[in-house]
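> I'd like to go over a predicted model; first the sequence, then the structure.
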Amino acid sequence: MVNQKRVVLAADHAGYPLKEEVKTYLGTQGIDVVDTGTFSEEQVDYPGIMRRGCATLLEQGIPGILFGGSGNGEAMAANKVRGIRAAVCYNAEITKLARQHNNANVMCIGARFTDLSAAKEMVDVFLSTDFEGGRHTGRVNDLDTPIAQ
């Protein structure tokens with residue numbers, strides 16, 4: 001059961017086809033999608049697209065789902081944005097833990113390694129799982145603390 005009603009999606013060219021399939025799926029679930037690109041399979045560099053998606057989700061206070069070939073580069077780009085806690089998710093259990101223990105506000109999916117069925121399951125888990133708080137709160141707050149250089 002999904003409890004989020006709005007989500008940001010962003011992808012590079014490798015993630016574009018899966019993003020489009022997930023966007024359609026989310027629409028059937030009554031979830032409004034804010035799609036920040038890319039909008040084709042034409043090769044693009046992903047960092048700017050991921051930053052744009054992250055800025056949008058922070059502005060709107062909603063979660064985000066980023067798609068790339070592996071999800072790793074997308075997570076690295078996203079985690080450079082202050083306030084983002086992006087997790088590479090590759091199954092439902094990891095996705096649930098990313099929300100429960102890390103309060104991830106972004107999930108990153110590797111489209112070259114994830115079929116639509118698994119992506120749907122992970123998206124449902126991501127959007128319906130709450131942060132547990134408690135013993136995890138201090139750690140998450142620490143993640144959001146800038147490191148002095």
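In hand now; what should we look at?

> make it CA atoms for all contacts and neighbour counts henceforth
Will do.

> give me the contacts around stretch 73-91.
46-47, 50-51, 54-55, 58, 66-68, 71-72, 95, 98, 102-110, 114, 118, 122, 143-144 (CA atoms under 8 Å, 6 or more residues apart in numbering).

> buried subset of the residues you listed?
46-47, 50-51, 54-55, 58, 66-68, 71-72, 95, 98, 102-110, 114, 122 (16 or more other CA atoms under 10 Å).

> give me the subset of those lying in strands.
66-68, 106-110 (DSSP state E).

> tell me the one of the residues you listed nearest F126?
F126 has its nearest neighbour among these in M107, at 7.5 Å by CA to CA.

> packing partners for the longest helix seen in the chain?
The single longest helix within the chain, with elements called by DSSP state H, is helix 46-60. With contacts taken as 3 or more CA pairs under 8 Å, 6 or more residues apart in numbering; DSSP states H and E, helix 46-60 sits against strand 6-11, strand 64-68, helix 72-78.

> same thing but 6 Å
Applying 3 or more CA pairs under 6 Å, 6 or more residues apart in numbering; DSSP states H and E, we find helix 46-60 packed against no helix or strand.

> angle of it against strand 106-110?
Angle, helix 46-60 to strand 106-110, by axes from the mean of the first three to the mean of the last three CA atoms, to 10 degrees: 150 degrees.

> in the helix or strand of the chain with the lowest mean pLDDT, which residues are buried?
One helix or strand of the chain scores below all others by mean pLDDT, DSSP states H and E: helix 137-143, with a mean of 89. By neighbour count with 16+ other CA under 10 Å, helix 137-143 contains the buried residues V140.
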